[in-house]
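# what's the 3D shape of this:
(one chain, ligands or ions: 5)
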Amino acid sequence: MLKAGIAILAACITLFGADEAAPQLDPKYHDSSKCKSCHTRIVGEWSGSYHAMSHYDSNEYLRASMDYVGRKDRRSLNAIKVQCAACHNPRIAVTETGMDYEIQAAVKLDHLSDVNKALESDVLSEGINCLVCHNVDKIHDNLDETKRGVHRISWNPAGVMSGPIEDAKSPYHKVQYRDFFGKDPKRLCFVCHANDRAVGGMVIADTQKEYQETKKQCADCHMSPKKPGVASNLPIADGKPKERMVREHGFIGAHTESMWEGALTLDVALRNKALLVTMKNANPHNIPTGFGARELLVEVSYLSGSKLLKTQSMSLTTHYTDKRGNPTIPHLAETATEELSIPANGERTVKFTPVEGAGTAVVKLYYRLVNDEVRDLLGLKEEIWSKKMFIDKVTYRF
Ligand code: HEC
Ligand code: HEC
Ligand code: HEC
Ligand code: HEC
Ligand code: HEC
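Ligands and ions are numbered 1, 2, ... in the order given. Next comes the predicted model:
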């Protein structure tokens, strides 16, 4: 009896440990500008990353998606913003909204509410900044796998920075070593890069599930391998900055064209009069991974001498449908077409019927951040969403 009581109490403590809204930030640690003087390189690298773009005002695709979900799901935009903030903007001071808020919003009496105040806070404008990752105290991996982002962590008190260095000392803030920075940083990544779901519950992205254990950390490919440098440029070791093994903070990925070259490799063969195009993925997660409606494009140009006879193309992407069976965006999906990503450490082959009389076929593979369907539904204008990013090319001679 007593044992059961203790177990329940322990469960309650861990439950209450997570799901807490972020505590108020001391003005001393308000945003990355407060870290810049001593962590100049890191702040510069991070500010160019898409983690820094994870806010309604900074990312056209994110903004259009939130607007669309609000419109179609008949909830206030602010309720959607709070829901998405769990991973996109976890420093938010409220983590849930209910019917009472919808009623207030409908009669326009929400302007003084905690929800509006939380969303208007300038603490959020930097998206996933230093004070998101480095203020995580604990990750509650014992929780249900649907609890993500802010619902899966608990926070440090203001002014304590968690990090990978066991003997760090800073005159500006307290420090504490955490394994999810030092020994195994992918645990931190999986707080958000896992079990991303549509509002009706369908999983639309799950890098953790796809991931195949390797010696490489996410950080090796998306930050940099560890290399000699300084964690802080403040002179703390005999009048000089202290040398450390560090990583870059660029979090480079799918929005950076140069990251795509060679991310997959192509193999082309002719069998039973069909042109077989095989895409190989040597990475430890599927490609595309992450957010739904990403797209791989295969283009085959048939030539006779130097004359172009015909171009065929194929799109590998997921299409989503809503409750009524109409095309929709990932977050409103009830059903989806077959998953066509290239599996981790695996391959996928697609078939083309060659054009009569062709001497060569030039096969090119590209990536696009948003497929045509979702781009049209959302009316995305910026060039980056339709840009074809080059991955690989092979010329086949018949
Ligand atoms: C998405 C999470 C994330 C964000 C955002 C982030 N960091 Fe880090 N940071 C990490 C991880 C992970 C490591 C540890 C990498 C390792 O050693 O394997 C790290 C390491 C560090 C270190 C130790 C030196 C090093 O390179 O290992 C410092 C100092 C640091 N970060 C400061 C910052 C500052 C300042 C910002 C804001 C500009 C920031 N970080 C933003 C995840 C993050
Ligand atoms: C006055 C200078 C100064 C300022 C401002 C400053 N730091 Fe630091 N920080 C340091 C020093 C010095 C270290 C220790 C470096 C070492 O030991 O190599 C450090 C270490 C760290 C570490 C590594 C901790 C660990 O145990 O691995 C993190 C993370 C960090 N700072 C984050 C931040 C963030 C976020 C801000 C802005 C809110 C910030 N710092 C502002 C000087 C500063
Ligand atoms: C607090 C939640 C959270 C954590 C923790 C987190 N991420 Fe992210 N990450 C996101 C979100 C949200 C985006 C999309 C931001 C956007 O595009 O507006 C993203 C985007 C990315 C991208 C895509 C960038 C691009 O340009 O395409 C990469 C790569 C990435 N994260 C790597 C990491 C790695 C590595 C870690 C662990 C060290 C990590 N993330 C930790 C939430 C998180
Ligand atoms: C061996 C290198 C490697 C490792 C390790 C790795 N990735 Fe990737 N990742 C890639 C490549 C290559 C791409 C495709 C090109 C790009 O976006 O950088 C990619 C793409 C991504 C994207 C962008 C997907 C999109 O279409 O928006 C995210 C997010 C991401 N990885 C997260 C992670 C996370 C989280 C981990 C750790 C669990 C991880 N990666 C481990 C190589 C790696
Ligand atoms: C479980 C955590 C989580 C939640 C909750 C979440 N997201 Fe995301 N979202 C991510 C991660 C991680 C990425 C980056 C993956 C990648 O690069 O492919 C991302 C990427 C995106 C992107 C692509 C951005 C870009 O720059 O390409 C959009 C759009 C988006 N999310 C919209 C939303 C909306 C709208 C909501 C709320 C209804 C939401 N997300 C809730 C984790 C989450």
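
# ok, and the closest non-adjacent residue to the residue of the chain found nearest ligand 5?
For the chain, the residue closest to ligand 5 is residue 290, as judged by CB to the nearest ligand atom, at 2.2 Å. All C-beta spots, glycine's among them, are computed from the backbone N, C-alpha and C. Excluding its sequence neighbours, the residue lying closest to residue 290 (CB to CB, 6 or more residues apart in numbering) is residue 205, at 5.3 Å.

# which strand residues sit across from that neighbour in the sheet?
With DSSP bridges as the criterion, residue 205 is bridged to residue 196.

# Return the residues in contact with it.
By CB atoms under 8 Å, 6 or more residues apart in numbering, the contact set of residue 205 is 193, 196, 289-292, 330.

# between those residues, which is nearest residue 68?
Nearest to residue 68 among the contacts of residue 205 is residue 330, at 10.6 Å by CB to CB.

# residue contacts, the residue nearest to residue 133 when sequence neighbours are not counted?
Leaving aside its chain neighbours, residue 133 sits nearest to residue 188 (6.4 Å; criterion: CB to CB, 6+ apart). Contacts of residue 188 were listed using CB under 8 Å, 6+ apart, and they are 133, 136, 139, 180-181.

# will you turn these into JSON lines that also has secondary structure and neighbour count?
Formatted as JSON lines, the contacts of residue 188 follow (DSSP: H, G, I helix; E, B strand; the rest coil; neighbours: other CB atoms under 10 Å):
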{"residue": "133", "secondary structure": "helix", "neighbour count": "22"}
{"residue": "136", "secondary structure": "strand", "neighbour count": "20"}
{"residue": "139", "secondary structure": "strand", "neighbour count": "18"}
{"residue": "180", "secondary structure": "coil", "neighbour count": "21"}
{"residue": "181", "secondary structure": "coil", "neighbour count": "20"}
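
# got those as JSON lines, with distance to residue 119 and pLDDT columns?
Output for the contacts of residue 188, formatted as JSON lines (distance: CB to CB, whole Å; pLDDT from 0 to 100):
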{"residue": "133", "distance to residue 119": "21", "pLDDT": "98"}
{"residue": "136", "distance to residue 119": "22", "pLDDT": "97"}
{"residue": "139", "distance to residue 119": "25", "pLDDT": "98"}
{"residue": "180", "distance to residue 119": "28", "pLDDT": "98"}
{"residue": "181", "distance to residue 119": "29", "pLDDT": "98"}
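
# Need the per-residue pLDDT for residue 63.
Predicted confidence (pLDDT) for residue 63: 98.

# In which helix or strand does the spatially closest residue to it that is not a sequence neighbour reside?
Nearest residue to residue 63, sequence neighbours excluded (CB to CB, 6+ apart): residue 56, at 5.2 Å. Using DSSP states H and E, residue 56 is not contained in any helix or strand.

# Would you list the phi and psi of residue 56?
Per-residue torsions, residue 56: phi -40, psi -40 (degrees, to the nearest 10).

# my read: it touches residue 70, true?
No: between residue 56 and residue 70 there is no contact under CB atoms under 8 Å: 11.1 Å.

# When the two are compared, which one has more neighbours?
Higher neighbour count among residue 56 and residue 70: residue 56, with 21 against 16, using other CB atoms under 10 Å.

# separation between the more buried one and residue 272?
Distance of residue 56 to residue 272, computed by CB to CB, to the nearest Å: 52 Å.

# Next, count neighbours for the residue in the stretch 101-250 of the chain that ligand 4 sits nearest to.
When scored by CB to the nearest ligand atom, the stretch 101-250 of the chain has residue 218 as its residue closest to ligand 4, at 2.7 Å. Counted by other CB under 10 Å, the residues lying close to residue 218 total 20.

# and residue 242, what does it touch?
Per CB under 8 Å, 6+ apart, neighbours of residue 242: 230-232, 236.

# any idea how far it lies from ligand 3?
Distance of residue 242 to ligand 3, given as CB to the nearest ligand atom, to the nearest Å: 23 Å.

# can you pull the pLDDT of that residue?
Looking at residue 242, its pLDDT stands at 97.

# Also residue 16?
We have a pLDDT of 45 for residue 16.

# before we move on, the earlier item: JSON lines for the contacts of residue 188, including distance to ligand 3?
Output for the contacts of residue 188, formatted as JSON lines (distance: CB to the nearest ligand atom, whole Å):
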{"residue": "133", "distance to ligand 3": "6"}
{"residue": "136", "distance to ligand 3": "8"}
{"residue": "139", "distance to ligand 3": "9"}
{"residue": "180", "distance to ligand 3": "9"}
{"residue": "181", "distance to ligand 3": "8"}
